[in-house]
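**Q** need the 3D shape of this:
(chains A, B, C and D)
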Protein chains: 2
Amino acid sequence: MTPTLDAPAPGRTRRNRGSELVRSRLVAAAIGEFSAHGFEGASTRAIADQADAHQSQIKYHFDTKEELWRRCLDQLLAEVDIAIAEQPGVGSDDPRDVIESLIRGLVAFAAARPELNRIMMHEATSPSSRLTWLVENRLAQRRSDLLAAWNELVSTGQAAPVDADVLYHTLIGAASLLYANAPEAVLMGIQPNDPDVIQRHADGLVAMFLRPNT
Amino acid sequence: MTPTLDAPAPGRTRRNRGSELVRSRLVAAAIGEFSAHGFEGASTRAIADQADAHQSQIKYHFDTKEELWRRCLDQLLAEVDIAIAEQPGVGSDDPRDVIESLIRGLVAFAAARPELNRIMMHEATSPSSRLTWLVENRLAQRRSDLLAAWNELVSTGQAAPVDADVLYHTLIGAASLLYANAPEAVLMGIQPNDPDVIQRHADGLVAMFLRPNT
DNA sequence: GTCTATAATTAGATAGAC
DNA sequence: GTCTATCTAATTATAGAC
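**A** Predicted structure coming up:
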């Protein structure tokens, strides 16, 4: 891992380059620990060790464990937005193409980067300052966007009979649990990393959530 | 909470009644803590406090935190089996009725008792001795039973085009995430405890996973 | 910016009085 | 069976040398 591979972030001088690297390594390690063990189960020492840094550097770079956690979420949410935006039909005029792209983007991302769904499943089981921050500042808008696209589909009669109230969790649960719970799936003899499995999974969800275009 | 309401367990004398009560109170408290904070995030002191017992009684009654955790899972799995068995069509000859009962039973249980799915989502994010025990000794058989029923539905052409490989996680994710993540859903303005919401959720899943009976 | 040392707290497990 | 007291280890946070 050579520092010179990372360009300085905007507004930062060359002298900060090393610091940015440490920050990104800490975030990367923290994403792994938070997703595997939850916020409370993850230790800052384990995170620092994985990042080849010292535990006290977390205080210097992020002040608290919770602020580090928020940086992890922002990193992952940026990635899921990219994964969805990369889908071919995402900007289509046809609401069916938009929802299909969203479903395929969610499956592809959950499979490639299960950490976001894992962290969500850890956090959403009980109220906390982190969960409130996450929903209010990061997730509420995304859910609104999904519902807007879904309502377009409903208006053209192509949506499956899924209530708007439950759509968000039904779709995300159906799309991501297999990958979020990959260690369990593997013990059950499933290969959640097999591209064929992922493809058939996405195809099945598209067929279920979108009504046949008669 | 009166001890006399609990009958002595089979093979136990009247003198053990108090002990059985403490055990059941510890299990009940532990289910709440494990589901909210995960195994690592839950503390045996908080569990004992909630059960009006002392932390060291966990050692006496269950020896280790992990053994207490296993008792919690057995309690919850017994409850989900009952919830499914209570569905009217579960013993039907028609495979469609069997799957419909399973879906409705899963939704009803996840809504009424989200703790099981919460604990599963905490545990299944990384390998552990607990996860291996759980899958091998408790879940593998249940998944086989589901797949057997599903294959019957496939053979009669009434199953949605969902691969057998991914069916288990797709169905459980679609049925339970809303309730497992209820604290998040509430922050989003959803009422996961509203019987109407639950009813429409179950209806939607039945319509999606079962092909129209043409 | 980095790193050592440590404070303050809490964890699970346990010994032994009652 | 219950409960007090305590052990060992791990936790986050922090002060200060370099």
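
**Q** now do the same contact list for the residue most central in space within chain A.
**A** Chain A has A:L116 as the residue nearest its centroid, 3.4 Å off, counting by CA atoms, centre = their mean. Applying CB atoms under 8 Å, 6 or more residues apart in numbering or on different chains to A:L116 gives the contacts A:S35, A:L73, A:L76, A:L77, A:E79, A:V80, A:F109, A:A110. From N, CA and C alone the C-beta is placed, and that goes for glycine too.

**Q** looking at those, which has the most residues close by?
**A** A:A110 (28 neighbours; other CB atoms under 10 Å in any protein chain shown).

**Q** and that one, what does it touch?
**A** Taking CB under 8 Å, 6+ apart as the test, what A:A110 contacts is A:L116, A:N117, A:A175, A:S176, A:L178, A:Y179, A:A180.

**Q** filter those down to just the ones in helices.
**A** Counted as lying in helices by DSSP state H, out of the contacts of A:A110, are A:L116, A:N117, A:A175, A:S176, A:L178, A:Y179, A:A180.

**Q** what's the closest of those residues to A:L21?
**A** A:L116 (22.8 Å; CB to CB).

**Q** flag every buried residue along the longest helix along chain A.
**A** Across chain A, the longest stretch assigned as helix under DSSP H is helix A:17-41. Neighbour-count burial for helix A:17-41, counted by 16 or more other CB atoms under 10 Å in any protein chain shown, picks out A:19-23, A:25-27, A:29-41.

**Q** which other helices and strands contact that helix?
**A** If contacts are counted by 3 or more CB pairs under 8 Å, 6 or more residues apart in numbering or on different chains; DSSP states H and E, helix A:17-41 sits against helix A:44-50, helix A:55-62, helix A:65-85, helix A:115-123, helix B:17-41.

**Q** picking up where we left off before, pick out the most distant pair among the ones in helices among the contacts of A:A110.
**A** A:L116 and A:L178 (14.3 Å).

**Q** and chain A, which residues reach DNA strand C?
**A** A:R15, A:N16, A:G18, A:S19, A:V22, A:A53, A:H54, A:Q55, A:S56, A:Q57, A:Y60, A:H61 (CB under 7 Å from any atom of the strand).

**Q** skip the chain neighbours and tell me the closest residue to the fourth one.
**A** Counting by CB to CB, 6 or more residues apart in numbering or on different chains, A:S19 lies nearest to A:H61, which is 7.4 Å off, once chain neighbours are set aside.

**Q** so the one you found sits against A:R25, correct?
**A** No. Using CB atoms under 8 Å, A:H61 makes no contact with A:R25, being 10.1 Å away.

**Q** near DNA strand D, which residues of chain A show up?
**A** Going by CB under 7 Å from any atom of the strand, the residues of chain A near DNA strand D are A:A42, A:S43, A:T44, A:R45, A:A46, A:Q55, A:S56, A:I58, A:K59, A:T64, A:K65, A:E66.

**Q** hang on, the earlier thing: between the helices and strands packed on helix A:17-41, which gets nearest to A:P195?
**A** Of the helices and strands packed on helix A:17-41, nearest to A:P195 by CB to CB is helix A:65-85, at 15.3 Å.

**Q** relative orientation of whatever helix or strand comes next after that closest one and helix A:115-123 in degrees?
**A** For helix A:65-85, the succeeding helix or strand toward the C-terminus, using DSSP states H and E, is helix A:95-112. If you take axes from the mean of the first three to the mean of the last three CA atoms, to 10 degrees, helix A:95-112 sits at 80 degrees to helix A:115-123.

**Q** out of the contacts of A:A110, who's nearest DNA strand C?
**A** A:A180 (24.2 Å; CB to the nearest atom of the strand).

**Q** so stretch A:194-212, near chain B or not?
**A** Yes. Counting by CB under 8 Å from any CB of the partner chain, chain B has neighbours in stretch A:194-212: A:V197, A:R200, A:H201, A:D203, A:G204, A:L205, A:A207, A:M208, A:F209.

**Q** any idea of the mean pLDDT for that stretch?
**A** The pLDDT scores in stretch A:194-212 average 96.

**Q** from DNA strand C, how far out is A:G38?
**A** 13 Å (CB to the nearest atom of the strand, to the nearest Å).

**Q** what angle separates the helix or strand of chain A with the lowest mean pLDDT from helix B:17-41?
**A** Using mean pLDDT, DSSP states H and E, the weakest-scoring helix or strand in chain A turns out to be helix A:17-41, at a mean of 93. Going by the same axes, to 10 degrees, helix A:17-41 is angled at 170 degrees with respect to helix B:17-41.

**Q** could you give the angle of helix A:17-41 to helix A:55-62?
**A** Using the same axes, to 10 degrees: helix A:17-41 against helix A:55-62 is 110 degrees.

**Q** picking that back up, out of the ones in helices among the contacts of A:A110, which are buried?
**A** Here, 16+ other CB under 10 Å leaves A:L116, A:N117, A:A175, A:S176, A:L178, A:Y179, A:A180 buried among these.

**Q** tell me the one of these nearest A:G189?
**A** Using CB to CB, those come closest to A:G189 at A:L178, 12.9 Å.

**Q** neighbours of A:D94, how many?
**A** 14.

**Q** with the one 5 residues further on instead?
**A** The burial metric for A:I99, expressed as a neighbour count using other CB under 10 Å, is 24.

**Q** contact partners for it?
**A** A:A149, A:W150, A:L153, A:A159, A:F209, A:L210.

**Q** and with 7 Å instead?
**A** By CB atoms under 7 Å, 6 or more residues apart in numbering or on different chains, the contact list for A:I99 reads A:A149, A:W150, A:L153, A:L210.

**Q** who wins on neighbours among those?
**A** That'd be A:W150 among the contacts of A:I99, by other CB under 10 Å, with 22 neighbours.

**Q** phi first, then psi, for that one.
**A** phi -60, psi -40 (degrees, to the nearest 10).

**Q** please look at it and A:A159 and confirm they touch.
**A** Yes. Under the criterion of CB atoms under 7 Å, A:W150 makes contact with A:A159 at 6.3 Å.

**Q** and chain A, what are its domains?
**A** A:3-63, A:67-209 (automatic domain parsing).

**Q** which parts of stretch A:135-148 are buried?
**A** Buried residues in stretch A:135-148 (16+ other CB under 10 Å): A:V135, A:L139, A:R143, A:L146.

**Q** and the gap between the first one and chain B?
**A** By that I understand A:V135. The gap separating A:V135 from chain B is 4 Å, by CB to the nearest CB, to the nearest Å.
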